[in-house]
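**Student:** Sequence plus predicted model, see below.
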Amino acid sequence: MVTVPVRPDPQPVGDPPDAQAWGREPAVDGPLLEHRFPGEAARLAAVRRDLGTWAAATGLDEETVEDLLLACYEAMVNAAEHAYTDGERPVDLTAMCTAGGCVLVTVRDEGRWRPIPADPGHRGRGLAMITNLSDHAEIDRGAGGTTVSLWWRLR
């Protein structure tokens, strides 16, 4: 079983952060993508397509775009499947190029974090995928929801 540490405060899950590289300041002329969609798995394919088109236009290489799509899709699926127990609620995706030379994608929900089961069976590897496919990842969970922030360096 793969265990990924998740901290209650927004702290890095991967490598120690480089404050400038992992910043959230948008690039002055960088493209921006914003989506708000119902937290249901059936809506994710269209968002993924839009994200793929956007990511390809940033200058990321093809392999990195594939990594980005897989990691972000996993974050969206987690929000859609696990954040809400009382019906549909929104999931927000924002993607931008940062002033530090990275692509930053955030996936945010307004649901509640559920503890990871001791035996997740064939599931439970999504957080490991998310952190391993990105250059840097932060997971911030709180009473108002969960935000997954993922960075890839523009090369």
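**Tutor:** Structure's in. What do you need?

**Student:** Could you name the helices and strands sitting against the top helix by length along the chain?
**Tutor:** Ranked by residue count under DSSP state H, the longest helix found in the chain is helix 62-82. Counting contacts by 3 or more Cβ pairs under 8 Å, 6 or more residues apart in numbering; DSSP states H and E, helix 62-82 packs against helix 44-56, strand 90-97, strand 102-109, helix 126-133, strand 145-153. The C-beta positions use only the backbone N, C-alpha and C, and glycine is treated the same way.

**Student:** So which of those is nearest residue 139?
**Tutor:** The closest of the helices and strands packed on helix 62-82 to residue 139 is strand 145-153. By Cβ to Cβ, the value is 5.5 Å.

**Student:** Quick one: mean pLDDT for the closest one?
**Tutor:** Across strand 145-153, pLDDT averages out at 94.

**Student:** Figure out the length between the terminal residues of stretch 80-97.
**Tutor:** 25 Å (Cα to Cα, to the nearest Å).

**Student:** Stretch 26-34 now?
**Tutor:** 13 Å.

**Student:** Show me how far the longest helix of the chain is from its chain's centre.
**Tutor:** With Cα atoms, centre = their mean, to the nearest Å as the basis, helix 62-82 stands 7 Å off its chain's centre.

**Student:** and the angle for that helix with strand 145-153?
**Tutor:** Following axes from the mean of the first three to the mean of the last three Cα atoms, to 10 degrees, one obtains 180 degrees for the angle between helix 62-82 and strand 145-153.

**Student:** Okay, buried residues for helix 62-82 please.
**Tutor:** 64-65, 67-69, 71-80, 82 (16 or more other Cβ atoms under 10 Å).

**Student:** out of these, which one sits closest to residue 40?
**Tutor:** Nearest to residue 40, judged by Cβ to Cβ, of the buried residues of helix 62-82 is residue 80 at 5.7 Å.

**Student:** Just give the nearest non-adjacent residue to the closest one, would you?
**Tutor:** Closest residue to residue 80 apart from its sequence neighbours, by Cβ to Cβ, 6 or more residues apart in numbering: residue 39 at 4.6 Å.

**Student:** do the same with residue 34
**Tutor:** Closest to residue 34 by Cβ to Cβ, 6+ apart is residue 94, at 5.2 Å.

**Student:** list the contacts for that neighbour?
**Tutor:** For residue 94, the contact set (Cβ atoms under 8 Å, 6 or more residues apart in numbering) comprises 32-35, 105-106, 108.
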